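[1] Sequence first, predicted coordinates after that:
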2 protein chains.
Amino acid sequence: MTDTLETTATADDAAPTAAGDEPSAAATVRDLAGRARVASRDLALLTRAQKDAALHALADAVVAATETVVAANAEDLARGREQGMAEGLQDRLLLDADRVAAVAQALRDVAGLPDPVGEVVRGSTLANGLQIRQVRVPMGVVGMIYEARPNVTVDAAGLGLKSGNAVILRGGSAAASTNRALVDALREALAAQGLPADAVQLLEGGHEAVKELMRARGLVDLLIPRGGAQLIQTVVTESTVPVIETGVGNCHVYLDVGADPQKAVAIAVNAKTHRPSVCNAAESLLVHRDVAEQLLPRLLRELADAGVDLRTDERSGAVAAAAGVASTPATEEDHATEFHDLAMSVAVVDDLDGALEHVRRYGTGHTEAIVTEDRAAARRWVAEVDAAAVMVNASTRFTDGGEFGFGAEIGISTQKLHARGPMALPELTSTKWVVEGDGQIR
Amino acid sequence: MTDTLETTATADDAAPTAAGDEPSAAATVRDLAGRARVASRDLALLTRAQKDAALHALADAVVAATETVVAANAEDLARGREQGMAEGLQDRLLLDADRVAAVAQALRDVAGLPDPVGEVVRGSTLANGLQIRQVRVPMGVVGMIYEARPNVTVDAAGLGLKSGNAVILRGGSAAASTNRALVDALREALAAQGLPADAVQLLEGGHEAVKELMRARGLVDLLIPRGGAQLIQTVVTESTVPVIETGVGNCHVYLDVGADPQKAVAIAVNAKTHRPSVCNAAESLLVHRDVAEQLLPRLLRELADAGVDLRTDERSGAVAAAAGVASTPATEEDHATEFHDLAMSVAVVDDLDGALEHVRRYGTGHTEAIVTEDRAAARRWVAEVDAAAVMVNASTRFTDGGEFGFGAEIGISTQKLHARGPMALPELTSTKWVVEGDGQIR
């Protein structure tokens, strides 16, 4: 899921420090990361039972802190309104008692998931008698840089704890008070459980602090940026810490010549309108020229009726006009844009190759769907589209950790290294080879 | 395996270009990567049978080119000798007919390995009837920056082809002529098989070209540096392309109080002396204080007799002196150094915690071995040491793709993301989620 709160680091969120000299951003990050590293050593050795008990204790603590959290959130909201924050963003930022309860429940849900740590991925006994096995271990210290709703703060802490990682959280400045209240509650609860409070830390301070976090290679094992395209781009290009790129989704739905018309309309409408603000919503509609006349009039009308702003290429624009559906000519940029909104680019393509070429040119490697009853076309789509998820006769909205049955999601990776697609607990782990012998030498 | 040929990029290896303007390094890399991307699309769709046939054809071509390759290699060697290249490096660089035959055989061996592409990693049918499966797919375009022996050129091309990736090879300037002769032979053979020659490309040109390769995010999917610590450090810090860090190994052997004396001596000697120039050789010896007097005299003598230059801390130095074994006092740097040679730092530690602390401080996360018959100590070592491979009663030399039964190795990852430890064919792949439905919407 992607969020559109703007930049995470502005001059106005410089952290208040004790009177006297402010520590440098580098020193702050080194200190934070050093404490996270120490905490991570303890976390790596916890049993599942200990971690699950702690997760329930964290949930209790979040519920107990409802009043404080809601008050802190009201501060953030008031500041946001003063600064002219859009209604939609205000709604994302809002935490009322119900939402706090939901955030706490998410921690309990994570407690119910299997522990990824210790899972034996593969193993064998070698000819010389050595027993080798590859075992999942925590990453160590995971940094999250996000702009999103404050629930990410608690989700990341919970998933981090369950996977045995210490987390360093850098939330958006718009949610600064809320995040502080939440992290305070979580840290107190960890300490009360006899666990290291530094398992969860909030990185405050200005843009310099974020820069230092991105350069803390060796101190931080993994950085996950979650937010708009610009935030992700910054982290990806400026970071020396290994990064998992998440979430930018310019997803396409391609209606093939072999599409079932009912499914075509239902899938395209659902992919676009079910929840337009998230990364697995469709942004572009492609239609084979031989079925454009048949499918587009009804489909474009349904989309327009649902409030979708249609940006059509020449051929689809002509069909729209003939059908009396309003649309504006698509620019090159429209085809390349993740609208995050009720807007969609539409193009007619000559054939499957044209659709594949369009996706290659404009796609972001997130989710690409074909609607077809033709086996050969479906097989080519699955084989030739290079994306985290390729779909046949299903809405792009299904690329989601919850839908895939992972029970939780820390983000959706659009890169090829380590994790691709929805990331859950196993993706927050690394592995270690354990080699046991009785004196073998080479 | 790590190599110690020095820097890969020197001013003297600027690529000769056609008369007139030289293309900029950025343009060269864009062109190369663009052609690799086009080739990678074809490669991704090849069947195992096609790839294996091609690998055998490549092997035949390498053998057929023996004379040309050996002549080119003689040029490189002559240049190296002129520039005062060390004997050991000359030996690494040397390709005679036998070594060319071995390089070709390695391609045939890769043909015999299972195809990682298309492997279903996991999958399920969701409650709504959607069938989802996570399938291995090629990375796309993989760049290799290496200083090593010219066999890496052929190995990387072979592993790349088998895993469906196009490779961009940047070898050390010392092997420039040899690499060019090898790549020419490989590209001709690919074309003769009806496969894209651009599946294997050599990046020539000066340091700017390497810099552009490291910045070619979006064009190159993965960079693997193989070589000395400095090369790897440069790639890791300057690259915006995802990198897998390989090979720096400051490996320890810890002789616990519960060590079997025979195994202790055999493992320590083997780990240090079996092949001191490679990354899984041991560089540091740690001994529990309660067994130092018992184990060290015999062990240090054996090491010294094998020609090992011993760098001892105060306590181990005293034992050495009493036993009449020559040693020099270890500096802080000695403990942190990967000698790549017959040299070893030695330290006496108070207990298991002292050994763990020493490894945390100086280890590089490669391979760490304990020698002990004590179950509790072994369990703590395995759980608490943070490294790609942790060993109990076995030589560090076993961390190796061949030894682990992978049949091939492209490097040994010491990072936690994507791959950790010996990397073979599966580590050169990403995954893709394939979602098949019959009209599902949310």
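    Done, it's in. Residues are numbered from 1 along each chain as shown, chains lettered A, B, ... in the order given.
[2] does residue A:300 sit in a helix or strand, and which one?
    Under the criterion of DSSP states H and E, residue A:300 resides in helix A:289-305.
[3] Run the chain-centre distance for that helix.
    Taking Cα atoms, centre = their mean, to the nearest Å, one finds helix A:289-305 lying 32 Å from the centre of the chain it belongs to.
[4] which residues are in contact with the helix or strand that it is followed by?
    Using DSSP H and E, the helix or strand that follows helix A:289-305 in sequence is strand A:309-312. Residues outside strand A:309-312 that contact it (Cβ atoms under 8 Å, 6 or more residues apart in numbering or on different chains) are A:300, A:303-304, A:320, A:325-331, A:334, A:341-347. No exception for glycine: its C-beta is placed from N, CA and C like everyone else's.
[5] pLDDT below threshold where in the stretch 151-300 of chain A?
    Applying pLDDT under 70 to the stretch 151-300 of chain A flags no residue at all.
[6] Helices of that one, start to end?
    A:151-162, A:176-192, A:207-214, A:229-238, A:261-273, A:289-305 (DSSP state H, counting those that start in this stretch).
[7] Neighbours of residue A:397, how many?
    Using other Cβ atoms under 10 Å in any protein chain shown, residue A:397 is surrounded by 25 other residues.
[8] again but with residue A:333, I slipped
    9.
[9] Just list the residues touching it, thanks.
    Contacts of residue A:333 (Cβ under 8 Å, 6+ apart): none.
[10] in what helix or strand does it lie?
    helix A:332-336.
[11] buried stuff in that helix?
    Neighbour counts over helix A:332-336 (16 or more other Cβ atoms under 10 Å in any protein chain shown) mark A:334, A:335 as buried.
[12] Which other helices and strands does the next helix or strand along the chain from that helix contact?
    As assigned by DSSP H and E, the chain's next helix or strand after helix A:332-336 is strand A:343-349. If you count contacts as 3 or more Cβ pairs under 8 Å, 6 or more residues apart in numbering or on different chains; DSSP states H and E, strand A:343-349 packs onto strand A:282-288, helix A:289-305, strand A:309-312, helix A:314-322, helix A:332-336, helix A:352-362.
[13] List of residues touching the fourth one?
    By Cβ under 8 Å, 6+ apart, the list of residues contacting helix A:314-322 from outside reads A:285, A:287, A:289, A:292-293, A:296-297, A:300, A:310, A:312, A:326-327, A:329-330, A:346-348.
[14] okay, it in CSV with CA atoms only?
    Taking Å, rounded to 0.1, in the frame of the first residue of the first chain, the C-alpha atoms of helix A:314-322 are listed here in CSV:
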residue,chain,number,x,y,z
GLU,A,314,-6.5,8.6,-30.1
ARG,A,315,-8.2,5.4,-30.8
SER,A,316,-9.9,4.9,-27.4
GLY,A,317,-10.8,8.6,-27.4
ALA,A,318,-12.7,8.1,-30.7
VAL,A,319,-14.6,5.2,-29.3
ALA,A,320,-15.4,7.2,-26.1
ALA,A,321,-16.6,10.2,-28.2
ALA,A,322,-18.8,7.9,-30.3
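[15] buried set for that helix?
    For helix A:314-322, a neighbour-count test (16+ other Cβ under 10 Å) marks A:315, A:316, A:317, A:318, A:319, A:320 as buried.
[16] mind checking pLDDT for the closest residue to residue A:320 other than its chain neighbours?
    Nearest residue to residue A:320, sequence neighbours excluded (Cβ to Cβ, 6 or more residues apart in numbering or on different chains): residue A:327, at 4.4 Å. We have a pLDDT of 97 for residue A:327.
[17] got the contact list for residue A:327?
    Residue A:327 neighbours (Cβ under 8 Å, 6+ apart): A:300, A:304, A:310, A:311, A:312, A:316, A:317, A:320, A:321, A:346.
[18] next one: phi and psi at it?
    Main-chain torsions, residue A:327, degrees, to the nearest 10: phi -160, psi 160.
[19] Derive a PyMOL selection command for the buried subset of the contacts of helix A:314-322.
    With 16+ other Cβ under 10 Å as the criterion, this PyMOL line picks the buried residues out of the contacts of helix A:314-322:
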select buried, chain A and resi 285+287+292+296+297+300+310+312+327+330+346+347+348
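[20] so where does the closest residue to residue A:130 other than its chain neighbours fall, helix or strand?
    Using Cβ to Cβ, 6+ apart and skipping the chain neighbours, the partner closest in space to residue A:130 is residue A:437 (4.7 Å). Element membership for residue A:437, per DSSP H and E: strand A:429-440.
[21] That strand pairs with which strands?
    Strands adjacent to strand A:429-440 in the sheet, as given by DSSP bridges, are strand A:131-138 (antiparallel), strand B:389-394 (parallel).
[22] Format those as CSV; extra columns: mean pLDDT and mean neighbour count.
    Shown next, in CSV, are those (pLDDT from 0 to 100; neighbours: other Cβ atoms under 10 Å in any protein chain shown):
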stretch, mean pLDDT, mean neighbour count
strand A:131-138, 98, 21
strand B:389-394, 98, 28
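[23] would you turn these into JSON lines with distance to residue A:390?
    As requested, the strands paired with strand A:429-440 are exported to JSON lines (distance: least, Cβ to Cβ, whole Å):
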{"stretch": "strand A:131-138", "distance to residue A:390": "27"}
{"stretch": "strand B:389-394", "distance to residue A:390": "35"}
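[24] Of all pairs in the contacts of residue A:327, which one spans the longest distance?
    Pairwise distances across the contacts of residue A:327 (Cβ to Cβ) peak at 13.8 Å, for the pair A:311 and A:321.
[25] what are the C-alpha coordinates of the helix holding residue A:333, in CSV please?
    Provided in CSV are the C-alpha atoms of helix A:332-336 (Å, rounded to 0.1, in the frame of the first residue of the first chain):
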residue,chain,number,x,y,z
GLU,A,332,2.9,10.7,-22.5
GLU,A,333,3.0,11.5,-18.8
ASP,A,334,-0.5,10.2,-18.2
HIS,A,335,0.6,6.7,-19.4
ALA,A,336,3.5,6.9,-17.0
